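Engineer: what follows is a predicted protein model with its sequence.
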Amino acid sequence: MAKSIKWKGGSGKTYDYWICPIGADFKDEPGNYIYAAETTPRSWRPVYIGQTSSLSERLADHEKEACATRNSATHIHTHTTPSDERLRRAEEDDLIEKWKPVCNG
């Protein structure tokens, strides 16, 4: 069974994500994602936060992956967001506001 995590945004809202290793295959579905570094067992630091209309296309060769791995990211946390891009961007902005990931700067 895949592991999951709850990320809290600046608004206080929480979002459910699946924990996957970098390089995993993803479905061709819209979603949000976080490149993350495990700082201690079961404790994560987001390195890059994004959204896309296709997880499979976007994460296959992401331009921020090199920055993420340089900053100790070993996993991608994802969830599908079949609703419109506006909602995906609102979630992305909410999480970036709280966590200020190094590769989003």
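Structural biologist: On my side now, so go ahead.

Engineer: pull the contacting residues for residue 92.
Structural biologist: 32, 49, 50, 51 (Cβ atoms under 8 Å, 6 or more residues apart in numbering). C-beta: built from backbone N, CA, C; applies to glycine.

Engineer: pretty sure residue 62 sits in a strand.
Structural biologist: No. Assigned with DSSP: H, G, I helix; E, B strand; the rest coil, residue 62 falls outside any strand and is coil.

Engineer: quick check: phi and psi at it.
Structural biologist: Main-chain torsions, residue 62, degrees, to the nearest 10: phi -80, psi 130.

Engineer: follow-up on the earlier one: who wins on neighbours among the contacts of residue 92?
Structural biologist: residue 49 (27 neighbours; other Cβ atoms under 10 Å).

Engineer: and that one, what pLDDT?
Structural biologist: Predicted confidence (pLDDT) for residue 49: 97.
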